[in-house]
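> Quick one, what's the 3D model for this:
(one chain, ligands or ions: 2)
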Amino acid sequence: MDPAATSQISHLALDIGGTLIKLVYFSANGDHCEDSRSNEISVVHGKLCFAKFETKKIDDCLEFIRFNILHHSGVQHQNGMAHDKLSVKATGGGAFKFADLFKEKLGILLDKEDEMCSLVGGVNFLLKTVPREAFTYLDGQKEFVEIDHNDLYPYLLVNIGSGVSMIKVDGDGKYERISGTSLGGGTFLGLGKLLTKCESFDELLELSHHGNNRVIDMLVGDIYGGTDYSKIGLSSTAIASSFGKAISDGKELEDYQPEDVARSLLRMISNNIGQIAYLNALRFGLKRILFGGFFIRGLEYTMDTISVAVHFWSRGEAKAMFLRHEGFLGALGAFTSYKTQSHNDLKSNQHTVQRPILNCSGDNFRHIPVTSNLNDSETIECSISLV
Ligand SMILES: Nc1ncnc2c1ncn2[C@@H]1O[C@H](COP(=O)(O)OP(=O)(O)O)[C@@H](O)[C@H]1O
Ligand SMILES: CC(C)(COP(=O)(O)O)[C@@H](O)C(=O)NCCC(=O)O
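Ligands and ions are numbered 1, 2, ... in the order given. A predicted model of the protein is given here:
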């Protein structure tokens, strides 16, 4: 393997969702070593890099791929003669919706991976490979959880994207989508834009940060004259009805502060998802609930609301956990699915494309990582083997 060639290697996978396009690609450091067991295998050190674009700005994403020449790292189809036979792993609805666009603009075929399968693959990869990936968040405390690989399953994966999917995971590639709700991140952003006139997700989050949901939410105490309803375990400060105060306040939307509206909205969506997640965990006796999707964005208020909902409804029985790479689960799953290409295919193709083909075997991926560190820019240091 030519070291100069390995220094440029980049391998790409995409998750094209309803709101965001997520990219995961491997970028080599430039150093590599031959595997002592076989002179046909090279180990390449590098890092997994992450990028995201709004789906409505797909042209920016295409330009990013073109500028960084990521599309040339695709796997060449058998019998493929030209670059238009290169294919890149892709998941999410956009892998179907935008397949023609990718072919037309970049000359690549999107090799479609099932969205649920990719989400599960991404989580399992992270939990097994990346230290300090999963954590709990309660009472303002973030605590990393190292999960024993032999005691990983079962768990409930709740992916909060535009909509929400809830998947019971029983093993590697063993899963079932058991529930979902259309009240997800898209609802938060869509309603938020209409109600607050904000222009972006970040702006909506910033607003929510400064708001007070009690201005607009109807609390138990508002209904019960300031007292708890202790007989059924509801404190006076619990939300009885999200946005309920707007019924009788005699106010127009303009009379409320956008900050307070944003806060109530965030609380409503997070609380609802936490509660549905708990109910589904209860249905199947699952104790561990992992939350992913770009809606969370590591936001303390969101994680706290979800954690409190799960803790409250399960009376402390179930645990909400979060992931550092929450938004890239599907893309990571699609990335690791390159392993399903047979070695022979990859090897023979090595001579027909300009760039070396990576063997992203899941097993190699798991065992070879040097440091598997996560640095500030959220990259994951790792190594992969080339055939
Ligand atoms: N920069 C952003 N722009 C738009 N939405 C964002 C952004 N960051 C986080 N979000 C939230 O994440 C959701 C999308 O999450 P994601 O997991 O990418 O789902 P999808 O695959 O449906 O696009 C949005 O609906 C929104 O609530
Ligand atoms: C259709 C979807 C799987 C698409 O995934 P997304 O782009 O939202 O991440 C998801 O939006 C979803 O599961 N919606 C909830 C549908 C329901 O169960 O009511």
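> For the protein, give the helix that spans the most residues.
The helix spanning the most residues in the chain, taking DSSP state H as the definition, is helix 258-284.
> what about that helix, near ligand 2?
No. In terms of Cβ under 6 Å from any ligand atom, no part of helix 258-284 sits within range of ligand 2; the closest distance is 9.9 Å. C-beta: built from backbone N, CA, C; applies to glycine.
> who does that helix touch, helix- and strand-wise?
Judged by 3 or more Cβ pairs under 8 Å, 6 or more residues apart in numbering; DSSP states H and E, the packing partners of helix 258-284 are strand 155-160, strand 164-171, strand 174-181, helix 185-196, helix 201-209, strand 288-292, helix 300-313.
> who wins for proximity to ligand 1 among these?
helix 185-196 (2.7 Å; Cβ to the nearest ligand atom).
> And ligand 2, is that closest one touching that?
No. Legend: contact between helix 185-196 and ligand 2 by Cβ under 6 Å from any ligand atom is lacking; minimum distance shown is 6.6 Å.
> any residues touching that helix, and which ones?
18-19, 160-163, 198-199, 201, 204, 207, 253, 258, 261-262, 265-266, 269, 293-295 (Cβ atoms under 8 Å, 6 or more residues apart in numbering).
> Tell me the gap between that helix and the middle of its chain.
Taking Cα atoms, centre = their mean, to the nearest Å, one finds helix 185-196 lying 20 Å from the centre of the chain it belongs to.
> Which residues belonging to it are considered buried?
Applying a neighbour-count criterion of 16 or more other Cβ atoms under 10 Å, the buried positions in helix 185-196 are 185, 186, 187, 188, 189, 191, 192, 195, 196.
> now it against strand 155-160, angle please.
Interaxial angle, helix 185-196 versus strand 155-160 (axes from the mean of the first three to the mean of the last three Cα atoms, to 10 degrees): 30 degrees.
> Would you mind identifying the helix or strand in this protein with the lowest mean pLDDT?
helix 343-349 (a mean of 28; mean pLDDT, DSSP states H and E).
> could you give the mean pLDDT of stretch 228-237?
Averaged across stretch 228-237, pLDDT comes to 95.
> Please disregard the earlier target; I meant stretch 247-259.
pLDDT averaged over stretch 247-259 gives 96.
> Using CSV, list the CA coordinates for it.
What follows is stretch 247-259, C-alpha atoms only, in CSV (Å, rounded to 0.1, in the frame of the first residue of the first chain):
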residue,chain,number,x,y,z
ILE,A,247,-56.9,29.6,27.7
SER,A,248,-57.9,32.1,30.3
ASP,A,249,-55.1,34.7,30.4
GLY,A,250,-57.0,36.8,27.9
LYS,A,251,-53.8,37.4,26.0
GLU,A,252,-52.8,37.3,22.4
LEU,A,253,-49.6,35.5,21.2
GLU,A,254,-47.9,38.9,21.0
ASP,A,255,-48.5,39.5,24.7
TYR,A,256,-46.3,36.5,25.6
GLN,A,257,-42.5,36.7,25.5
PRO,A,258,-41.1,34.5,22.8
GLU,A,259,-38.6,33.2,25.4
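> begin at 18 from here
In the new count, where the first residue is 18, that last one comes out as stretch 264-276.
> Show me which residues of that stretch are buried.
By neighbour count on 16+ other Cβ under 10 Å, the buried set for stretch 264-276 is 273, 275, 276.
> Let me have the residues you listed in TSV, adding distance to residue 145 as columns.
Formatted as TSV, the buried residues of stretch 264-276 follow (distance: Cβ to Cβ, whole Å):
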residue	distance to residue 145
273	46
275	43
276	41
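> Which of those sits closest to ligand 2?
Nearest to ligand 2 among the buried residues of stretch 264-276 is residue 275, at 25.3 Å by Cβ to the nearest ligand atom.
> For that closest one, list the residues it contacts.
Counting by Cβ under 8 Å, 6+ apart, residue 275 touches 212, 213, 214, 215, 224, 228.
> Spatially, which residue comes closest to the second one, not counting chain neighbours?
Excluding its sequence neighbours, the residue lying closest to residue 213 (Cβ to Cβ, 6 or more residues apart in numbering) is residue 275, at 3.8 Å.
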